[in-house]
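A.B. asks: I need the structure of the sequence given here:
(chains A and B)
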Amino acid sequence: MNVPKYTREIFERLSKGNFICQNAPDTFEKRLFDICEQNVETLEKYFSPIGFELKYGSGYFYFSKELQENQVEAKLENLLHLLDYVEMFLQFDEYFTVGWRGTPIALAEAATDNVVIKERIEKIRGLSGDNLFKRCEDIFLKMKKDGYMALENEYEKRYVVLTSYEYLVDFFKNVKEVEHHEPA
Amino acid sequence: MQLTVKNLFKTLASNADLLDMLFLKRESVVQFLQAKEYAKDGHIEYLVENGLLLNEATHIELDESLLTFLESVLGSNDEIEIGNVGELLSDMSSRIALYNTSTSFAQRQKYMKRIDRILKKIPFMISKTLIKLHQHIHLTYKSADEYEVKLIELKFYKEKLELLKEIDIRIEESLKVESSFFKNQVPVVTSNLYFGLKSYLTQMRISLVDLQRQVVDYINRVSPDVGFFKHITHLKELKNSYEIYEQTNIKELAEQASTSFSLLPRLMFSTQLEKEYVYSVEFSEHIQRWIHKKDGSVPTRAKAKEIDSSYFDDTSKEEFFVNTEELHLEFQDSSQDLFSYIMDKEFTFEQSFDERLSLYCDLAGIYSKEYYLSSEVKTYQNYEYLMIYAKESR
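C.D. replies: Numbering: from 1, shown residues only, chains lettered A, B, ... in the order given. Got it, this is the predicted structure:
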């Protein structure tokens, strides 16, 4: 099978749990996105036999796998953790979406003035740092580590929301309330 | 009494407080009684009579012509008016036509003066509009509370910008049509105004493109997904009250929806094993555990339903085979030659001559090293055969 150039790099990124995003500040990642987009079928066929399902959404690619029973809990826990982050960012700025740019300093400043944001940040579990700024910095780092943000300007510590954020939006949008019927 | 310029300014000056208050409150309603506090008796009626004020039921306001004059002079008009440029262009064309047909010097001078005014007025109007648009766009984006209002206003300004672009094209076309007039027939002052306007249009296009890019950017940024924000807030509430699993389909969705690797613990795998690791006890134990797990994980297959007897053939068939090895051992104990031995042999089942001949050939081939192949040849029913003996018997 003739696979495109940089298939190894694509595999390395995706298999580590990263997304490949169209609006990534890293130009090489943008290049990889174009390659994925132009060779979707080939790559799908190439990765599928070794158990890696190549999936894509609007402006992003990722590897997916069938869940084993014990992994559902881990996935849910992670999603609920991310729900805290997304809700906090929306409290901070209702325009928080793909392409949004922000810095930990701006978040820390907003949290100083806004008790709701401050309370949200304080209640987020697993953040390191003993002061507000460090915790805000940790939030951005976590979003970056999970592949939903990227550092756009190192000097200003400015981050940008990547297209992969749509994956979370799509998931949460599909979460619907269910009706419970009382037994007759 | 008809107002003269002198009278008009005198009247305006004597009612300055009233007019100032009405101008400042031009966007709100001023009651007649409230206005009376700022004017002497009979003055309001005088101003209404001379068309400087309007008395609508119980409230008082400035007449539109006076209001336009003040806003224009003070530069405080918030309205974006660019429609007049089209009228000015039509006016300019008709004045040029009149200039060309007129024979009176005085008339021609009058037309030229009007053309000069139009050439000065167009860039003045456009730049005023552009500055206002610029201010309004930024102000709306930064200060409008409701995002719907913000969006409607920004779209309105975007349309205005598009209108300005159309006007720019129209001005360009008009100037092109009249280019020979401006290049050959006009005095230097008018010619300078013409080239000045052309140069201004080039600059305006740059500002226009920049402003348009900005307004599009603002429109994109001004559309928050309010529904999603509300939805997330609600999910967060359910999570905080430990009801999210009960009240929503999140668990089913997590099981069904495709799972990004980012949501799972990091996969640890290596495509190349280190040699030292392969020989370690740890690796051996790991393999043992893996084998155990693998065996345990083999799914037990459900029994298939019974196969119908019609699928089976119930006629039995018997087939006999000669054990060549046994035959060979028996032959080694005999003193006969191989051919005679096989021909004389009493088999438990019927063997034809051809089958016996085939056995002779098989044994001679398979065990040739263990037999003595003589050079003596004999004939039996037109078949020539070699005399073969068992080595031991020889």
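A.B. asks: Would you map out the domains in chain A?
C.D. replies: Per automatic domain parsing, the structural domains of chain A span A:7-64, A:69-174.
A.B. asks: where do the helices sit along chain A?
C.D. replies: Ranges of helices in chain A, per DSSP state H, are A:7-15, A:27-38, A:40-47, A:69-92, A:104-113, A:115-123, A:132-145, A:165-174.
A.B. asks: Quick check: buried residues in the fourth one?
C.D. replies: The neighbour-count check on helix A:69-92 (16 or more other CB atoms under 10 Å in any protein chain shown) flags A:71, A:74-76, A:78-80, A:82-92 as buried. To be clear about C-beta, it is placed using only N, CA and C from the backbone, and glycine gets the same treatment.
A.B. asks: That one vs chain B: in contact?
C.D. replies: Yes. Using CB under 8 Å from any CB of the partner chain, helix A:69-92 reaches chain B at A:71-72, A:74-76, A:78-80, A:83-84, A:86-87, A:90.
A.B. asks: Please parse chain B into its domains.
C.D. replies: As assigned by automatic domain parsing, chain B contains the domains B:5-74, B:84-223, B:227-254, B:324-390.
A.B. asks: about what we covered before: now for the residues of helix A:69-92 next to chain B: which two are most distant?
C.D. replies: A:71 and A:90 (27.9 Å; CB to CB).
A.B. asks: I'd like the distance from the helix or strand hosting residue B:286 to the chain centre, please.
C.D. replies: Element membership of residue B:286 [criterion: DSSP states H and E] is helix B:281-297. Computed by CA atoms, centre = their mean, to the nearest Å, the chain-centroid distance of helix B:281-297 equals 47 Å.
A.B. asks: what about it, near chain A?
C.D. replies: No. On the criterion CB under 8 Å from any CB, helix B:281-297 is out of touch with chain A, staying 10.5 Å away.
A.B. asks: got the contact list for residue A:97?
C.D. replies: Taking CB atoms under 8 Å, 6 or more residues apart in numbering or on different chains as the contact definition, residue A:97 lies against A:161, A:165, A:169, B:224, B:225.
A.B. asks: list the helices and strands the helix or strand just after the helix holding residue B:286 packs on?
C.D. replies: Using DSSP H and E, the next helix or strand after helix B:281-297 towards the C-terminus is helix B:324-333. Under the contact definition 3 or more CB pairs under 8 Å, 6 or more residues apart in numbering or on different chains; DSSP states H and E, helix B:324-333 sits against helix B:338-344, helix B:353-366, strand B:383-390.
A.B. asks: Recalculate using a threshold of 7 Å.
C.D. replies: helix B:353-366 (3 or more CB pairs under 7 Å, 6 or more residues apart in numbering or on different chains; DSSP states H and E).
A.B. asks: Leaving out sequence neighbours, find the closest residue to the one residue sitting closest to the centre of chain A.
C.D. replies: Geometric centre of chain A, nearest residue: residue A:148, 2.7 Å, by CA atoms, centre = their mean. Closest residue to residue A:148 apart from its sequence neighbours, by CB to CB, 6 or more residues apart in numbering or on different chains: residue A:165 at 4.8 Å.
A.B. asks: these two touch, right, that neighbour and residue A:98?
C.D. replies: Yes. If you go by CB atoms under 7 Å, residue A:165 and residue A:98 touch, sitting 5.4 Å apart.
A.B. asks: Which residue of the two possesses the greater neighbour count?
C.D. replies: Of the pair residue A:165 and residue A:98, residue A:165 is the one with more neighbours under other CB atoms under 10 Å in any protein chain shown, namely 28 against 19.
A.B. asks: In contact with residue A:171, which residues are there?
C.D. replies: Counting by CB atoms under 7 Å, 6 or more residues apart in numbering or on different chains, residue A:171 touches A:79, B:253, B:257.
A.B. asks: Tell me the helix or strand right after the helix or strand hosting the second one.
C.D. replies: Element membership for residue B:253, per DSSP H and E: helix B:250-256. Scanning the chain past helix B:250-256 towards its C-terminal end, the next helix or strand to appear is strand B:259-260 (assignment: DSSP H and E).
A.B. asks: Can you tell me what sits against that following strand?
C.D. replies: A:62, A:64, A:65, A:67, A:75, A:167.
A.B. asks: And for stretch B:57-73?
C.D. replies: Counting by CB under 7 Å, 6+ apart, B:22-23, B:26, B:29-32, B:35, B:44, B:51-54, B:77 sit against stretch B:57-73.
A.B. asks: Pull the distance from it to the chain's centre.
C.D. replies: 50 Å.
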